[in-house]
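In: Just need the structure, nothing else, for what follows:
(one chain, ligands or ions: 2)
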Amino acid sequence: MDFSSEHNSTRRDEIEFNQAHSQIQQEIESYLESTGQFSTEVPKISFEQGDIKFSFNVSSISMENLYEGIKIIKKHIVNLQVRDFDDGYIVFHDIGDLYSSDRKSFSQGIRFKFISVSSNSRIEVQRKGKLIQDEVQACLHLFQLFHKKNPETNPEKMLQKLGAEIFSPEEKRKPTENEIRISFKGFAGYSKVREEVLDSVILPLSKPEVFDQIAKATRGTSATNLPRAVLFEGPAGVGKTSMAKIIARETQIPLVCIAVENILSKYYGESAQNLANIFDAASLYERVILFIDEIDSLAVSREGGIYEATRRLLSVLLRKIDGIEQKKGLLTLGATNRTQDLDPALLSRFDTVIHFPLPSIPERNSIFRVYASHLSQQELLALAQASEELSGRNIEDICEYTERYWARKTIMEQKQISSPPGELYLEITKEMLPKSQKKY
Ligand SMILES: Nc1ncnc2c1ncn2[C@@H]1O[C@H](COP(=O)(O)OP(=O)(O)OP(=O)(O)O)[C@@H](O)[C@H]1O
Ligand SMILES: [Mg+2]
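Out: Residues are numbered from 1 along each chain as shown. Ligands and ions are numbered 1, 2, ... in the order given. Here you go, the predicted model:
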């Protein structure tokens, strides 16, 4: 028996390291993509001092997974032996054909390690020399076992679990093929803002093919010039969030709303992974708008002294709204009333920044008309003039408060039901004015 040849023997179908490496990488990438696990780390594959190593971290190794894992390995490797069996450290080892010269020594043959120590669980596969196809398959299937497709394929349910809120447009409002019906129903004034939203968000989302074809004709490239990220900025209560919902309604594209505050407090320490998961789950929709409200709370300028968790969140966000990782069909919409605090790197990612100012007199007039349509032109104008520096939200609050006050009065004084009078609105408006604005 020639022992030296045993050590140097080439097995049938051995694969060069580079080839095995790229096969494993490609198959894993396409597996992760097809199962919507865009943010999962791909395994490390290395070749050092004659050893090929394939390893990946897992959140934990359950008994069930260990058992399934052995079954997978057994399917591809015939003669397995348990080499080590300790708490949190189990190693299986290919001992080769028991009856032939191909029988391996302890240092040879592929080894599968299941390692589970307190904070770090991982699977490591190691082999001297080259891999054969069966071993490659064992590696791939082991990885897939620990990265099973999320049983939840409904993005809405996944997103809800992750703390996001979804506004799905109602099917029945869908405009016909050639019709783009733009109605900013319930949103008064702000003609400049509407125009900007129409041009830079609604039209590109409603008719992407027109934008694509023009880019192709002018630049000869299929690179899209559709907006990827748009920022709404302006003081509180001026309609930024409402506009995001209007866009969803008008374009018939689901709107996924995430409040950064929620992600931060709910999943402390895991915030960054959760944000990445939200982007991944949202990417399961063919087209989607991801609305990040109060984006400033995660993206405060680096100079302002930033917490580690926030910094990690920011870096995920930067990656996700960068060209490379951004999924086609996903528009990120951010809203803030503290643009000056935004990290410059984040700010620069937005294709368009739309400013929502406080409403002017004619705009306040129109907003009052939305919430108190029974008032005369003159009464509305008086209210608009008396409500300087108030926002749309303030106006809505004034009108609701006035209605409640009037209802109470109607009940207590057993009056006939009627609409509240203009003077009452005016009185309450003056009450609501910021202190410095009060004229009495
Ligand atoms: N132009 C407007 N016409 C009608 N209603 C408006 C207008 N602007 C704001 N509102 C109303 O005010 C309320 C608050 O608006 P919204 O929540 O969209 O403001 P925001 O800019 O997102 O505020 P914040 O910065 O505090 O999140 C909503 O109920 C909205 O309908
Ligand atoms: Mg808002």
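In: so which strand or helix has the residue in the stretch 1-150 of the chain that ligand 1 sits nearest to?
Out: Among all residues of the stretch 1-150 of the chain, Ser39 sits closest to ligand 1, at 27.9 Å; criterion: CB to the nearest ligand atom. Just so you know, the C-beta spots here come from the backbone N, C-alpha and C atoms, and that holds for glycine as well. Using DSSP states H and E, Ser39 maps to neither a helix nor a strand.
In: what's near enough to touch it?
Out: Contact partners of Ser39, counting by CB atoms under 8 Å, 6 or more residues apart in numbering, are Gln273, Ala276, Asn277, Phe279, Asp280.
In: Name the SS class of the fourth one, please.
Out: It refers to Phe279. Classification of Phe279 using DSSP: H, G, I helix; E, B strand; the rest coil returns helix.
In: wait, which of the contacts of Ser39 is closest to Ser59?
Out: Gln273 (10.6 Å; CB to CB).
In: check which helix or strand covers that closest one.
Out: Using DSSP H and E, Gln273 falls within helix 271-282.
In: Just the strands from the stretch 151-300 of the chain, written as ranges.
Out: Here the stretch 151-300 of the chain has its strands, by DSSP state E, counting those that start in this stretch, at 165-167, 229-233, 255-259, 288-293.
In: Low-confidence regions, the stretch 201-350 of the chain specifically.
Out: Counting by pLDDT under 70, the stretch 201-350 of the chain contains low-confidence ranges at 221-225, 264-270, 298-309, 323-327.
In: do the stretch 51-200 of the chain as well
Out: The model of the stretch 51-200 of the chain has pLDDT under 70 over residues 98-107, 150-152, 170-182.
In: Return the nearest residue of it with respect to ligand 1.
Out: For the stretch 51-200 of the chain, CB to the nearest ligand atom, closest residue to ligand 1: Ala188, 3.9 Å.
In: residue contacts, the residue of the stretch 301-440 of the chain found nearest ligand 1?
Out: Scanning the stretch 301-440 of the chain for the residue nearest ligand 1 gives Gly392, at 2.2 Å (criterion: CB to the nearest ligand atom). Residues near Gly392 by CB under 8 Å, 6+ apart: Ala188, Gly237, Val238, Gly239, Ser242, Pro359, Ile367.
In: Now do the buried residues in the strand or helix carrying Leu346.
Out: Following DSSP H and E, one finds Leu346 within helix 344-347. Under the neighbour-count criterion of 16 or more other CB atoms under 10 Å, helix 344-347 has Leu346, Leu347 buried.
In: now swap in stretch 405-412 and tell me
Out: In stretch 405-412, counting by 16+ other CB under 10 Å, buried: Trp406.
In: if I look at Asp341, how far off is Asp296?
Out: From Asp341 across to Asp296, the span is 5 Å (CB to CB, to the nearest Å).
In: okay, the two: which has more neighbours?
Out: The residue with more neighbours, out of Asp341 and Asp296, is Asp296; 22 against 15, by other CB atoms under 10 Å.
In: can the strands of the stretch 151-300 of the chain go into JSON lines with extra columns for distance to Leu346?
Out: Shown next, in JSON lines, are the strands of the stretch 151-300 of the chain (distance: least, CB to CB, whole Å):
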{"stretch": "strand 165-167", "distance to Leu346": "22"}
{"stretch": "strand 229-233", "distance to Leu346": "9"}
{"stretch": "strand 255-259", "distance to Leu346": "15"}
{"stretch": "strand 288-293", "distance to Leu346": "10"}
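In: Before I go, just wanted to say thanks for your time.
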